[in-house]
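Novice: No letters, just coordinates:
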């Protein structure tokens, strides 16, 4: 997949088959669009193109008061994660449009003529049933269908029943993760929710009771951290080795508490130095809420039970 981050540098294509959107999470609803994009591209013989935006439009434009998520937006994917996911679907070209207030002010006609036609060379457009574009979201499938001949475009809308049958949205996934419901989030995503962080030095209390932890700090401050609790996860080191692990998200109440939320993974049956290296974890199951124990002995006993529970969830991982 060729990734282009500047529209001015995008190669002029002929008969490109295009879809566009934010694609945060690249969830099962997005995946239906991507599958159809590839089907149309194979049938027409044109290259497949995904147009996406960075940063997320809501980080640039103040959300309206009636928006279902008026609070701080957290992302399901970092940009690198989104790129990797889109590449896994066999997309030929990815155009990452810098989302600015100036771009947001483009009319729907500017969007079609300047971006879809002049920049990309779109021949066919595949979009979700409620896709909107242009200033104030004025552009729609109905507008495209009415003016398709004028623009020389063929337009296909993914039927509403196909998307509604999935019953998924990025908003629903965020809410599930914030509640710690990784089972629901993973079902909507179609894969296990990932989190990558650099391993930094903590207080190293875990190693004193036989459960050393890797303290993870994400390079993307807006990456969504699931709700507080203990989870079964699959961990991948920078060397590419895979390990079963359990992970705690919280404030460590048993050892005096912590003012900031911490993300700490204990890799089962692993002995090695991970400091200053990236570690990727994939959330498989929630084990329990974070708790305050009477002391380190009680905490150690619970961690042993957590390790057994994690192994049960991660069999085959």
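Specialist: Received it, and whenever you're ready, just let me know what you need. Computed from a predicted model, the values in this text were never measured in an experiment. Residues are numbered from 1 along each chain as shown.

Novice: now the helices for the stretch 1-150 of the chain?
Specialist: Listed in chain order, the helices of the stretch 1-150 of the chain (DSSP state H, counting those that start in this stretch) span residues 28-44, 57-60, 79-88, 101-104, 108-110, 141-151.

Novice: For the longest one, what is the distance to the chain centroid?
Specialist: From the chain centre to the centre of helix 28-44 is a distance of 19 Å (C-alpha atoms, centre = their mean, to the nearest Å).

Novice: Can you tell me the strand partners of the lengthiest strand in the chain and which way each runs?
Specialist: If each strand of the chain is counted by residues according to DSSP state E, the longest one is strand 278-288. Strand 278-288 has the following sheet partners, assigned by DSSP bridges: strand 194-200 (antiparallel), strand 229-236 (antiparallel).

Novice: Which element is encountered next along the chain beyond the helix or strand bottoming out on mean pLDDT in the chain?
Specialist: Lowest by mean pLDDT, DSSP states H and E among the helices and strands of the chain is helix 160-164, with a mean of 58. Following the chain from helix 160-164 toward its C-terminal end, the next helix or strand by DSSP states H and E is helix 170-178.

Novice: between that following helix and strand 278-288, how many degrees?
Specialist: Orientation note: helix 170-178 sits at an angle of 70 degrees relative to strand 278-288 (axes from the mean of the first three to the mean of the last three C-alpha atoms, to 10 degrees).

Novice: And for helix 170-178, what's in contact with it?
Specialist: Identification of contacts with helix 170-178 by C-beta atoms under 8 Å, 6 or more residues apart in numbering yields 22, 24-25, 27, 68-69, 74, 76, 182, 184-185, 188-189, 193, 224, 226-227. Every C-beta, even on glycine, is put in place using the N, C-alpha and C of the backbone.

Novice: of the residues you listed, buried ones?
Specialist: Buried positions within these, assessed by neighbour count (16 or more other C-beta atoms under 10 Å), are 22, 24-25, 27, 74, 76, 182, 184-185, 188-189, 193, 224, 226-227.

Novice: Contacts for stretch 38-46 next, please.
Specialist: 13-17, 47-48, 89-92, 123-124, 126, 156.

Novice: what about the stretch 1-150 of the chain, any weak spots by pLDDT?
Specialist: Under the criterion of pLDDT under 70, the regions of the stretch 1-150 of the chain flagged as low confidence span 62-71.

Novice: at 90 what do you get?
Specialist: 12, 29, 58, 61-73, 127-149 (pLDDT under 90).

Novice: List the buried residues of stretch 227-245.
Specialist: Neighbour-count burial for stretch 227-245 flags 227, 229-237, 243-245 (criterion: 16+ other C-beta under 10 Å).

Novice: from those, which two are the most distant?
Specialist: Taking C-beta to C-beta as the measure, the buried residues of stretch 227-245 reach their widest spread between 227 and 237, a distance of 25.4 Å.
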